[in-house]
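Undergrad: Below: sequence and its predicted model.
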Amino acid sequence: MKPLWLSLLLITTLGITACSEAPPQVHKAKLFTLGTLVDISVLHQDEAATQQAVAIVESELAIINRQWHAWRDSPLTTINKQLAQGETVTIDAATYRFIKQAQTLAADSNQLFNPTIGSLVERWGFHSDDRPNSAPPTKENIDELLKQAPSMANITLTETTLSSNNPTVQFDFGAFGKGYAIDRAIEQLKQAGIENAIVNAGGDLRAIGSKGKQPWRIGVRHPTSAGVIAAIETDGDESVFTSGNYERFFDFEGKRYHHIIDPRSGYPANNAISVTVIHHNAATADAAATALFIAGVDEWPQIAQQMGIDKVMLIDEALTIYMTPQMAQRIHIEIDDAQSKVIGNDG
């Protein structure tokens, strides 16, 4: 028979242990970086550990934002100046991995995802924190840039050097950098022991785990009115990215010009108004959403297949919704009058 004092000690200890095992709570943090508001949601029982992990994520995102900023003074603008002068650039391992992934995605997309058209994006006025307020570039300006036809195929990349045989190559990773940064943020959270979280940068996100017993539920913005057009419940580790003509744009003489430039025509792509992609890798989803937006209604199934993307929703100007069979199984359309077409990746 245990002494009374030992029994009381055991009861007290068990009570302390039970109290310390509080149920997980969703901890939230917000910061402005990557040109947008970033929301971090973490489901974890230890608030101090969560705060420490979020601080690491904030630092990582800030570093990536400084590294790859396309118009403020940054290592990227220095690289662009060196390439314009025909120089070979010395790079580190992280830069090699970043550009190598972008180069692979560009090739898989038939160069529709083309991060070398920074000069064209700048000419349209989108190298600014503010909305452009001038006239579109002239056809002569655009044709001049298109003649040079910069692409990732002009890049020679080794693990330590970067060069180009086309001096008009100017990098702008706006359609890839956000996804890459979110991937890095999620990896930092995983290394910190976080198993359930979302990193959401302006509606583009990667989610891991779940929200307790429920999956994370994601709303897809309606491209022409307030509210959402669809909802997605994430499954394990997934990224959801949307490209739309409503994100960055300006109006001139009654016409809207948005920031998703078709590298073939030099003008904003006009064969879709919104594309949503689900993929486990955020950088891939980011690049694919842009490439498929440019591909438009006729070409997106083939480009999706080449990029290894099987969950796609494309919306055209008539608000017709085109989906892969895999996306149709996952998405919940939130409007009653939607016209949907399920299309296989073989076209």
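TA: Now that the structure is in, tell me what you want to look at. Numbering: from 1, shown residues only.
Undergrad: okay, CA-based contacts and neighbour counts for the rest of this
TA: Will do.
Undergrad: Show me this protein divided up by domain.
TA: Domain ranges of the chain: 75-164, 215-347, per automatic domain parsing.
Undergrad: any idea which of these is most buried?
TA: Each of the domains of the chain was assessed for mean neighbour count using mean count of other CA atoms under 10 Å. The highest is domain 215-347, with a mean of 19.
Undergrad: Quick one: mean pLDDT over that domain.
TA: Across domain 215-347, the average pLDDT comes to 94.
Undergrad: next one: that domain to chain centre, how far?
TA: What separates the centre of domain 215-347 from the centre of its chain is 12 Å, taken as CA atoms, centre = their mean, to the nearest Å.
Undergrad: just to revisit the earlier point, wait, which of the domains of the chain is closest to A29?
TA: For the domains of the chain, proximity to A29 was assessed by CA to CA; domain 215-347 is nearest, at 16.6 Å.
Undergrad: hmm, who's touching the helix or strand V312 falls within?
TA: Of the helices and strands defined by DSSP states H and E, V312 is found in strand 311-315. Here strand 311-315 makes contact (CA atoms under 8 Å, 6 or more residues apart in numbering) with 272-279, 293, 296-297, 304, 321-327.
Undergrad: Report pLDDT for the residue nearest to Q188 when sequence neighbours are not counted.
TA: Counting by CA to CA, 6 or more residues apart in numbering, Q188 lies nearest to V57, which is 6.4 Å off, once chain neighbours are set aside. Here, the pLDDT recorded for V57 equals 93.
Undergrad: cool, the one 4 residues further on as well?
TA: Model confidence at L61, expressed as pLDDT, equals 95.
Undergrad: what does P3 give?
TA: 47.
Undergrad: Same question for N200.
TA: Value listed for N200 in the pLDDT field: 97.
Undergrad: Break down the protein into its helices, ranges please.
TA: In the chain, the helices defined using DSSP state H lie at 4-20, 47-67, 75-84, 93-108, 118-123, 139-148, 177-191, 282-307, 325-330.
Undergrad: For the ones you listed, please prepare CSV with the additional fields distance to L205.
TA: Shown next, in CSV, are these (distance: least, CA to CA, whole Å):
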stretch, distance to L205
helix 4-20, 32
helix 47-67, 14
helix 75-84, 24
helix 93-108, 18
helix 118-123, 24
helix 139-148, 33
helix 177-191, 7
helix 282-307, 7
helix 325-330, 16
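Undergrad: Let me see the contact set for the closest residue in space to Q82 that isn't next to it in sequence.
TA: Spatially, and ignoring its direct neighbours in sequence, Q82 is nearest to V89 (6.8 Å; CA to CA, 6+ apart). Residues near V89 by CA under 8 Å, 6+ apart: 79, 82-83, 161-163.
Undergrad: repeat that with 10 Å
TA: V89 makes contact with 78-80, 82-83, 157, 160-164, according to CA atoms under 10 Å, 6 or more residues apart in numbering.
Undergrad: cool, L61 as well?
TA: Here L61 is in contact with 31-34, 38, 67, 178, 180-182, 184-185 (criterion: CA under 10 Å, 6+ apart).
Undergrad: and it, how far is that from A175?
TA: 16 Å (CA to CA, to the nearest Å).
Undergrad: ok, now F241?
TA: For F241, the distance to A175 - CA to CA - is 10 Å.
Undergrad: list residues touching both of the two?
TA: Joint contacts of F241 and A175 (CA under 10 Å, 6+ apart) are 283-290.
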